[in-house]
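Asks: sequence-free structure coming up:
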């Protein structure tokens, strides 16, 4: 059996659509996803799970109802379950997400921004 | 409530001991850990869980019984549950680990290399 490392850079080069997370690996029933963000997402929450954001490239902000967090490359933040949040990025930003399999990017939000789930690259 | 990003760089600057994973965040019952590696670890496996390695800095190799994977900065590899593996790094390498809370670094291996578990920085 051949084993191969997953290059985040190579995976990021494979897509250009924004706000549409791509799965690159699974850890048991958790998924590691990559997503490109630019502009403002909708306010939403995930009542059933925390959600981790690791900024890989660029700058982004995670707004919460009681504050906000600025992330640059190499910064991690975990949005607690149930916490309404909105991601904002002035310029395109690449982000690694860690969350259980099945989590929708729009959470409880009803929006056309909902991406197809479980899309692998 | 004030929210703060977790800087991987700042966290890595806070410790120098090798082979001793430090927890920096939790995602539900999963933990994100940082570890510094140099030399060879013992062969071991985790029968109950996959284990993700994201190389942040340096170069490392994950040896498996049926092959090996070379990781550089920005490369990810998930060791499947039950797969015996050994990490090797010629020079110090910084790694981000993702795995369920409670996983011991030495898995089923009996070794003095077992680090204290659930140590936060």
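Replies: Okay, I see it. Predicted, not measured: the structure shown is a model, and the values here were computed from it. Numbers count the residues shown, from 1 in each chain, chains lettered A, B, ... in the order given.
Asks: just the element for the residue most central in space within chain A, please.
Replies: With distances taken as C-alpha atoms, centre = their mean, residue A:97 lies nearest the centre of chain A, 4.1 Å away. With elements taken from DSSP states H and E, the one containing residue A:97 is strand A:85-100.
Asks: mind giving me the packing neighbours of that strand?
Replies: The contact analysis (3 or more C-beta pairs under 8 Å, 6 or more residues apart in numbering or on different chains; DSSP states H and E) places strand A:85-100 against strand A:30-40, strand A:51-57, strand A:59-64. The way it works is simple: take the backbone N, C-alpha and C, and place the C-beta from them, glycine included.
Asks: quick check, residue A:11 in a strand?
Replies: No - checked against DSSP: H, G, I helix; E, B strand; the rest coil, residue A:11 lies outside a strand; its state is helix.
Asks: since we're on it, how many residues are nearby?
Replies: 22 (other C-beta atoms under 10 Å in any protein chain shown).
Asks: count of neighbours near the residue nearest to residue A:118 when sequence neighbours are not counted?
Replies: Once flanking residues are discounted, residue A:118 sits nearest to residue A:23: 6.2 Å by C-beta to C-beta, 6 or more residues apart in numbering or on different chains. Residues contacting residue A:23 under the criterion other C-beta under 10 Å number 17.
Asks: and if you look at the one 5 residues further on?
Replies: Counted with other C-beta under 10 Å, the neighbours of residue A:28 add up to 19.
Asks: and what of residue A:65?
Replies: Neighbour tally, residue A:65, other C-beta under 10 Å: 12.
Asks: check it and give its pLDDT.
Replies: If you check residue A:65, the pLDDT there is 96.
Asks: residues contacting the residue nearest to residue A:99 when sequence neighbours are not counted?
Replies: Closest residue to residue A:99 apart from its sequence neighbours, by C-beta to C-beta, 6+ apart: residue A:51 at 4.8 Å. Residue A:51 sits next to A:78, A:79, A:81, A:97, A:98, A:99, A:103, B:27 when contact means C-beta atoms under 8 Å, 6 or more residues apart in numbering or on different chains.
Asks: what helix or strand is the closest residue to residue A:114 other than its chain neighbours on?
Replies: In this structure, residue A:114 finds its nearest non-sequential neighbour in residue A:106, 4.4 Å apart by C-beta to C-beta, 6+ apart. Using DSSP H and E, residue A:106 falls within no helix or strand.
Asks: residue A:106 and residue A:112, how far apart?
Replies: 9 Å (C-beta to C-beta, to the nearest Å).
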